[in-house]
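In: give me coordinates for this.
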Amino acid sequence: MADLYLKALESERRSLWAECRLKGLPKGSPERLRIDELDKLLAEHKARKA
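Out: I've put the predicted structure just below:
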């Protein structure tokens, strides 16, 4: 079965990262902070699955 939570997190991270690269957003911007939060959530989710 597909892990929809994992796919949603990865999708949101990819779209935010693309936006940050296009706009040249600096570290500390809300988008970059959300990416850091998503990285943490992804790591926790993958650790639970393993």
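In: could you measure from L42 over to I35?
Out: 10 Å (CB to CB, to the nearest Å). Glycine gets a C-beta too; all of them are placed from N, C-alpha and C.
In: spit out the residues that contact those two alike.
Out: Common neighbours of L42 and I35 (criterion: CB atoms under 8 Å, 6 or more residues apart in numbering): R13.
In: in terms of neighbours, single out the busier of these two.
Out: I35 (19 against 15; other CB atoms under 10 Å).
In: how about that one, nearest residue that isn't a chain neighbour?
Out: Spatial nearest neighbour of I35, chain neighbours left out: L16 (5.3 Å); criterion: CB to CB, 6 or more residues apart in numbering.
In: does the one you found sit in a helix, a strand or a coil?
Out: helix (DSSP: H, G, I helix; E, B strand; the rest coil).
In: that one touches R34, doesn't it?
Out: Yes. Using CB atoms under 8 Å, L16 makes contact with R34 at a distance of 5.9 Å.
In: neighbour-wise, which of the two wins?
Out: Neighbour count, other CB under 10 Å: between L16 and R34, L16 has more, with 18 against 14.
In: need the residue closest to the centroid of this protein.
Out: R13 (3.0 Å; CA atoms, centre = their mean).
In: give the contact list for C20.
Out: Counting by CB under 8 Å, 6+ apart, C20 touches 29, 31-32, 35.
In: scan those residues and report the most crowded one.
Out: I35 (19 neighbours).
In: for the protein, which spans come out with low pLDDT?
Out: For the chain, applying pLDDT under 70 flags the ranges 1.
In: what about the helices in it?
Out: 4-23, 30-49 (DSSP state H).
In: quick check: nearest residue in space to D39, chain neighbours excluded?
Out: R13 (7.3 Å).
In: ok, back up a step: quick check: neighbours shared by L16 and R34?
Out: By CB under 8 Å, 6+ apart, no residue touches both L16 and R34.
In: which of the contacts of C20 lies closest to L6?
Out: Ranked by distance to L6 (CB to CB), the contacts of C20 are led by I35 at 15.9 Å.
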